[in-house]
Each structure stands twice: as structure tokens, then as C-alpha cells.
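Asker: please work out how this folds:
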Amino acid sequence: MGGPSNAAPEIEPLAATYAPPEPPMGFDNPIPTYPGSSGYNFFENPSGYPSEYVSQDPYLTAAQYHHLYPSSYPPVLPTGYPVPGYQYPPYQQPPPQQQQQHQTQEILERLDKVEHKSRKNKEKHNSFMKGLANLIKGKKK
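Answerer: Residues are numbered from 1 along each chain as shown. As a prediction, the model looks like this:
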């Protein structure tokens, strides 16, 4: 009585086989090769599109369409240059020299007035400072 109540059956491992693995699915059916060029018919349309589609030039078709139905927008050149026939604004002449001389004269006159006022203020300031300095010197004595 000292053993387990349920004895596990012993599983004997299978003998190891050293056979090569099976080839992948479809290995026995290799990829078919293309037939030789002798089997190709150059005059047959292999694309599946209608036969008149191959004979049309798409650029010619587009040109004919745009000729029959022109765009309502002006043509645009991809080069970045203006469209031929573009009218540039007329060249404006600079103002006459007489008006410029008049403006220069007016500026100089205003500058003279400002300098004159500045001189007067400086003279008043200097006389005030001299009086203040004299007052301070007089109190120290």
C-alpha cells in the first residue's frame, strides 16, 4: 500500500525518424514558363480595351476637345512670364524739380525756426544756471 492509487500509464516515445521534410504544397507543380514569341500575335489586341482606343492619340483627342470647348479662363503659361499682350501700367514721370525745390526750401525754413528756438532755450537755461550758481556761492560765504 505505499504507492499511488492511480498509476499513470507510461508513454513510450516513438523512434526518431531522419526522413527529409515533405516539400511545400504545390512543389510538384512548378510555375509554367511563358510560351515562345512564335505564339504571340502582334496584330491581336491583348489589352482588353476596344480596338479603336489603341489607335487614338490621347494628346490629339485632348487638343480637339479644348479646341471645340474652350475654357472661360484666360490661358496660363507655365513659365511664369506674363501672357503675351499683357499691358503694363504706364510709366509715371517723377514730380517736377520746381515742386521738389519748394519742399526743400520749406524744410530748411522750419529747421531754422527750430534751431532759433533751441538757441533761445539754451540761453535762458544758461542764464538760470549762472544765477543759481551765484546764489549758491553767495550763501556759502
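
Asker: elements contacting the longest helix seen in the chain?
Answerer: Among the segments of the chain that qualify as a helix by DSSP state H, the longest is helix 97-140. Helices and strands touching helix 97-140, as assessed by 3 or more Cβ pairs under 8 Å, 6 or more residues apart in numbering; DSSP states H and E, are absent. Where you see a C-beta, it was placed from the backbone N, CA and C, and this is true even at glycine.

Asker: so for that helix, mean pLDDT?
Answerer: Taken as a whole, helix 97-140 has a mean pLDDT of 89.

Asker: let me know the secondary structure of residue 74.
Answerer: Secondary structure for residue 74, judged by DSSP: H, G, I helix; E, B strand; the rest coil, is coil.

Asker: that should have said residue 28, apologies.
Answerer: Here residue 28 is recorded as coil under three-state DSSP.

Asker: what's the spacing between residue 66 and residue 56?
Answerer: According to Cβ to Cβ, to the nearest Å, residue 66 and residue 56 sit 15 Å apart.

Asker: er, residue 129 I mean
Answerer: Look at residue 129 and residue 56: by Cβ to Cβ, they are 100 Å apart.

Asker: go on, residue 89?
Answerer: Taken as Cβ to Cβ, the span from residue 89 to residue 56 is 46 Å.
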